[in-house]
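*Asks:* got a predicted structure here, sequence first:
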Amino acid sequence: MSVPNTTPREQFNRAYELAYRVGSKIKKPRKPSCELWELAAGRGHVSSMFYLGTCYDLGYGIKKDLKMAFKWYMKAAMLGYRDSQYNVSFFYSSGELFRKNYVKKFYWYQMAAKKGLADAQRDLGYSYFYGEGVKKDFVKAVY
């Protein structure tokens with residue numbers, strides 16, 4: 001899909017509008033949204049990297065491909081996008097794409113938690129409580 005003379009931000013916004021705002025029945029991204037996010041992600045738009053990862057992760061509008069999902073989540077995570085950091089942690093805890101690695105899972109939970117993502121803060125607490133990727137610490141778990 002070619003969208004001449006548009007910025008990555010405009011491509012992201014149009015994709016988001018197509019996926020979530022056009023008509024009340026649309027609840028997930030479709031092919032045009034994923035294509036626009038791919039264009040914008042390729043041009044360095046971090047939010048588009050995350051949403052493109054989601055398309056691949058869930059198979060919305062594109063064939064499900066966990067390797068591609070991880071690739072785009074990781075790109076955005078490395079650029080500090082907290083939701084991608086959180087999603088990267090799932091790949092290290094699920095064992096679906098590669099071996100479970102609780103140390104890496106903990107690292108990415110910690111990165112997202114530091115940015116204020118409540119789900120990551122909760123899961124970081126679980127990691128401390130159960131000693132997954134870190135030494136058990138009930139005080140930090142409660143915190």
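*Replies:* Okay, I see it.
*Asks:* in the protein, where is pLDDT below threshold?
*Replies:* 1-4, 22-27 (pLDDT under 70).
*Asks:* how is the chain partitioned into domains?
*Replies:* 1-79, 81-143 (automatic domain parsing).
*Asks:* now those in TSV, with mean neighbour count?
*Replies:* C-betas here are computed from N, CA, C, even on glycine. What follows is the domains of the chain, written out as TSV (neighbours: other Cβ atoms under 10 Å):
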stretch	mean neighbour count
domain 1-79	18
domain 81-143	17
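*Asks:* show me the contacts for the residue nearest to the spatial centre of the chain.
*Replies:* Nearest to the geometric centre of the chain sits S84, at 3.0 Å (Cα atoms, centre = their mean). Contact partners of S84, counting by Cβ atoms under 8 Å, 6 or more residues apart in numbering, are M49, F50, G53, W72, Y73, M74, K75, A76, A77.
*Asks:* same question for Q11.
*Replies:* Contact analysis of Q11 by Cβ under 8 Å, 6+ apart lists V3, L36, W37, L39, A40, R43, H45, S48.
*Asks:* am I right that the third one is in contact with F12?
*Replies:* Yes - in this structure W37 lies within contact range of F12 using Cβ atoms under 8 Å: 6.6 Å.
*Asks:* what touches both of those two?
*Replies:* Joint contacts of W37 and F12 (Cβ under 8 Å, 6+ apart) are S48, Y51.
*Asks:* thinking again about what came up before, how about the contacts of S84, which pair is most distant?
*Replies:* Greatest spatial distance among the contacts of S84 (Cβ to Cβ): F50 and M74, at 10.6 Å.
*Asks:* all strands for this protein, in order.
*Replies:* For the chain, applying DSSP state E gives no strands.
*Asks:* which residues of it fall in helices?
*Replies:* 8-16, 31-42, 46-58, 66-78, 82-94, 102-114, 118-130, 138-142 (DSSP state H).
*Asks:* picking that back up, out of the contacts of S84, which is nearest to Y16?
*Replies:* F50 (11.4 Å).
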